[in-house]
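Peer 1: Fold the following, please.
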Amino acid sequence: MMQYEFLKQFPKRMKNVGLYTLLFGNSSQKTTWRQYGFDSMDEQFNMIFAVMLYLMEQSLKEENCVMDDIGAYIDTLNTTAFGKPLSYEDCRKLGDFIVNVILSNDGRPMYFQGYDFEKLEYQRINISYVANRIVYLDTEVKRTSYYLTNDGYNLLLGTLEIESNMKLTIHEMIFKMHLEKQSYDKAVDEVKNVFNLMRIQLQKIQEAMGRIRRNALNYSVMDYQQILEENMDTIRDTRKQFVEYRDMVTARVSDLEEEHINVQKLNEKEEENLGNLRVIESYLNRVIDEHQKILNNHLDLKALYTKELEELSQMSLIRRFSLRSELFDRILEHPRGLSRMDIFFRPMFLQGPDKIYHLNKALEPQQAVRKKVEEDSGEQIDFDEEQWQKEQEQMRAKKLEKYKSCLGYLLGRLFAADQFTLSECAEELLHEDENRRRLIPNVEIFKEVMVELIKSQEIDIPALKKERSEFIQEVSGGFQLNEMLLNLLEERETAGETGIRKIYVCRIEGAEAVVFKNVGDEQGNQKTIRCSDLIFRAEYELQ
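Peer 2: Next comes the predicted model:
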């Protein structure tokens, strides 16, 4: 029994101390600062935290942050604030020193010893402020991009002196207060803090899933319980509240725009308020999206942890034995057992189970084979190339019509019901041959459409429209999901139907496979399709 109850979870407290201690140790022992004119500790730590805030901002925006970006940022800060006699190249070297030497400890892992008074021993606490990944700029240039880890976020956000499960609630209350007082500049800062906390929680879930996949035994039940409770605190009532805030902000933006249609008539304060309201509206949309991602990942985490523990429990039923003691030594003692060795080895040669049609294997891309077939067919153009090209165009057009039929049927179901599952389609199409042919023109087309939808998971229609308007692309002769989806939606919008803003497609964990029997392929053979059950959901534009 511990004598002092307040010493419980002491290593957790010491990790927060270690975040500052290691940073102080890494910086104070370096004389490199003097080369850049930063002599006092105050100047050094102001620059370190300014760089960390830039890394956090780039991480939250999910944008690349290479060393050239950091150097340009430090150069701007130095010009406007610090006033040190540094060139751009000096600023870039200073950024490399801060990120790779101070924050990353030259690539060596950093540990802080926190004493565990329950186990009466020191506990090594790993601390990492910054991580990096390889990115390709303009699809060719290979660069290193830096981003903050969970420890880096905690270092910047952990000075509020409140429990983590209360941070979101408190920031939400402060944000609401600023909205009511129409202090929109302060409300911008608070909605950013809310979004930061949501993003941190999502990152914690993803890191937990990674640890579970590597080894579920290294992820304790206490850790699992803690992250589930944090998820529920984040999820509970959050979406409803922030949807209401978004509607309120949207209404205020509309009022300002309607009152002063010409923006030039707005005074300076009203123009600033309008700009802040638009920033708040965009961040509220991102908060609602993060809420949906946390909810999805929360369910995935529960399914993954359950699955991994079940598989580990099944492994305990496997009987293991030593070949040396159970086989070789016994044969040496009784050589007559060699005549009956077939009894021992017979289970190793049992016939495997019958093969079944595996949809996932069937959907794997066969680019090399397809390319060879196209090359072979191209060699046959030796009699009438123009006629052959015309026939090929007709074949492609017919095939695209089949893709359009399949995707159009799914869109029609979304417009009719907002949400449906693939299993519901299978049941309803048992006696509707015409709609069944629309959904499944043949096996190959149905598989390709399903694979593209599963890969996309979340399809943002406004983003696709913006991308299409900003980039000039050649018209594809084959099936392109985004291109065909936009064309079908524009046809419906022209007919006066409400536009869809987002489409979500995801697998239903634990559901039985959906079976479509007697489906023809391109060669006319009848086959059976087995695939995972999917759920389709649409989110409409605000009216």
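Peer 1: To which secondary structure element is the closest residue to V66 other than its chain neighbours assigned?
Peer 2: Leaving aside its sequence neighbours, V66 sits nearest to R143 (C-beta to C-beta, 6 or more residues apart in numbering; 4.6 Å). Where C-beta positions appear, they are placed from N, C-alpha and C, glycine not excepted. Element membership for R143, per DSSP states H and E: strand 141-148.
Peer 1: Which other helices and strands does that strand contact?
Peer 2: Judged by 3 or more C-beta pairs under 8 Å, 6 or more residues apart in numbering; DSSP states H and E, strand 141-148 is in contact with helix 41-60, helix 67-77, strand 130-137.
Peer 1: Would you mind giving those as JSON lines with mean neighbour count and distance to Q419 added?
Peer 2: Shown next, in JSON lines, are these (neighbours: other C-beta atoms under 10 Å; distance: least, C-beta to C-beta, whole Å):
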{"stretch": "helix 41-60", "mean neighbour count": "18", "distance to Q419": "30"}
{"stretch": "helix 67-77", "mean neighbour count": "18", "distance to Q419": "41"}
{"stretch": "strand 130-137", "mean neighbour count": "13", "distance to Q419": "35"}
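Peer 1: May I see those organised as CSV, with distance to C531 and mean pLDDT added?
Peer 2: Output for the helices and strands packed on strand 141-148, formatted as CSV (distance: least, C-beta to C-beta, whole Å; pLDDT from 0 to 100):
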stretch, distance to C531, mean pLDDT
helix 41-60, 36, 89
helix 67-77, 43, 91
strand 130-137, 33, 85
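Peer 1: distance of the residue nearest to V66 from L400?
Peer 2: Per C-beta to C-beta, to the nearest Å, R143 is found 39 Å from L400.
Peer 1: same check, this time on I535
Peer 2: To L400, I535 is 27 Å away according to C-beta to C-beta.
Peer 1: who's the residue nearest to V66 bridged to?
Peer 2: V135 (DSSP bridges).
Peer 1: burial measure for the nearest residue to L197 once chain neighbours are set aside, as a count.
Peer 2: Of all residues not flanking L197 in the chain, L168 sits nearest, at 5.0 Å (C-beta to C-beta, 6+ apart). For L168, the count of nearby residues is 20 (other C-beta atoms under 10 Å).
Peer 1: do the same with K192
Peer 2: 19.
Peer 1: residues touching the closest residue in space to it that isn't next to it in sequence, list them.
Peer 2: Residue nearest to K192 in three dimensions, not counting chain neighbours: Y283, with 6.3 Å by C-beta to C-beta, 6+ apart. Contacts for Y283 were tallied using C-beta atoms under 8 Å, 6 or more residues apart in numbering; they are V188, V191, K192, V194, F195.
Peer 1: now swap in Y184 and tell me
Peer 2: By C-beta under 8 Å, 6+ apart, Y184 lies in contact with H178, E272, N273, N276, L277, I280.
Peer 1: give me the element the closest residue to it other than its chain neighbours is part of.
Peer 2: Of all residues not flanking Y184 in the chain, N276 sits nearest, at 3.7 Å (C-beta to C-beta, 6+ apart). Element membership of N276, judged by DSSP H and E, is helix 268-315.
Peer 1: any idea how far the helix or strand just after that helix is from the chain center?
Peer 2: Sequence order places helix 323 as the next helix or strand after helix 268-315, per DSSP H and E. Distance, stretch centre to chain centre, for helix 323: 46 Å (C-alpha atoms, centre = their mean, to the nearest Å).
Peer 1: Ok, stretch 149-160 next?
Peer 2: Centre-to-centre, stretch 149-160 and its host chain are 21 Å apart (C-alpha atoms, centre = their mean).
Peer 1: Name the residues that touch that stretch?
Peer 2: Residues from elsewhere that reach stretch 149-160 (C-beta under 8 Å, 6+ apart): 16, 19-20, 23, 49, 52-53, 55-56, 103, 127-131, 148, 167, 170, 193, 196-197, 200, 203-204, 207.
Peer 1: can you rerun that using 7 Å?
Peer 2: 16, 19, 52-53, 56, 127-131, 167, 196, 200, 203-204, 207 (C-beta atoms under 7 Å, 6 or more residues apart in numbering).
Peer 1: Return the set of buried residues in that stretch.
Peer 2: Using 16 or more other C-beta atoms under 10 Å as the test for burial, stretch 149-160 gives T149, D151, G152, Y153, N154, L155, L156, L157, G158.
Peer 1: okay, the angle between the helix or strand hosting the second one and helix 41-60?
Peer 2: It refers to D151. Assigned by DSSP H and E, D151 falls within helix 150-157. For helix 150-157 against helix 41-60, the angle by axes from the mean of the first three to the mean of the last three C-alpha atoms, to 10 degrees is 120 degrees.
Peer 1: for the chain, what spans make up the strands?
Peer 2: Along the chain, counting by DSSP state E, strands occupy 110-116, 121-127, 130-137, 141-148, 419-421, 458-460, 500-507, 514-520, 526-531, 534-540.
Peer 1: and D68, which of the ones you listed is closest to it?
Peer 2: Of all the strands of the chain, it is strand 141-148 that lies closest to D68, at 8.2 Å by C-beta to C-beta.
Peer 1: between that closest one and helix 41-60, how many degrees?
Peer 2: In terms of direction (the same axes, to 10 degrees), strand 141-148 departs from helix 41-60 by 110 degrees.
Peer 1: The closest residue to R246 other than its chain neighbours and M198: what is the separation?
Peer 2: Counting by C-beta to C-beta, 6+ apart, L284 is the residue found nearest to R246 once chain neighbours are left out, at 4.1 Å. Separation of L284 from M198 (C-beta to C-beta) stands at 11 Å.
Peer 1: what residues are up against the residue of the chain most remote from its centre?
Peer 2: In terms of distance from the mean C-alpha position of the chain, R336 ranks first, at 62.1 Å (C-alpha atoms, centre = their mean). R336 is in contact with no residue at all, counting by C-beta under 7 Å, 6+ apart.
Peer 1: Contacts only, for the residue nearest to F175 when sequence neighbours are not counted.
Peer 2: Residue nearest to F175 in three dimensions, not counting chain neighbours: E190, with 3.9 Å by C-beta to C-beta, 6+ apart. E190 sits next to H171, I174, F175, H178 when contact means C-beta under 7 Å, 6+ apart.
Peer 1: give me the number of residues near the first one?
Peer 2: By other C-beta under 10 Å, the residues close to H171 number 22.
Peer 1: mind listing what it touches?
Peer 2: H171 is in contact with E190, N193, V194, L197, counting by C-beta under 7 Å, 6+ apart.
Peer 1: and with 10 Å instead?
Peer 2: Applying C-beta atoms under 10 Å, 6 or more residues apart in numbering to H171 gives the contacts L157, L160, I162, D189, E190, V191, K192, N193, V194, F195, N196, L197.
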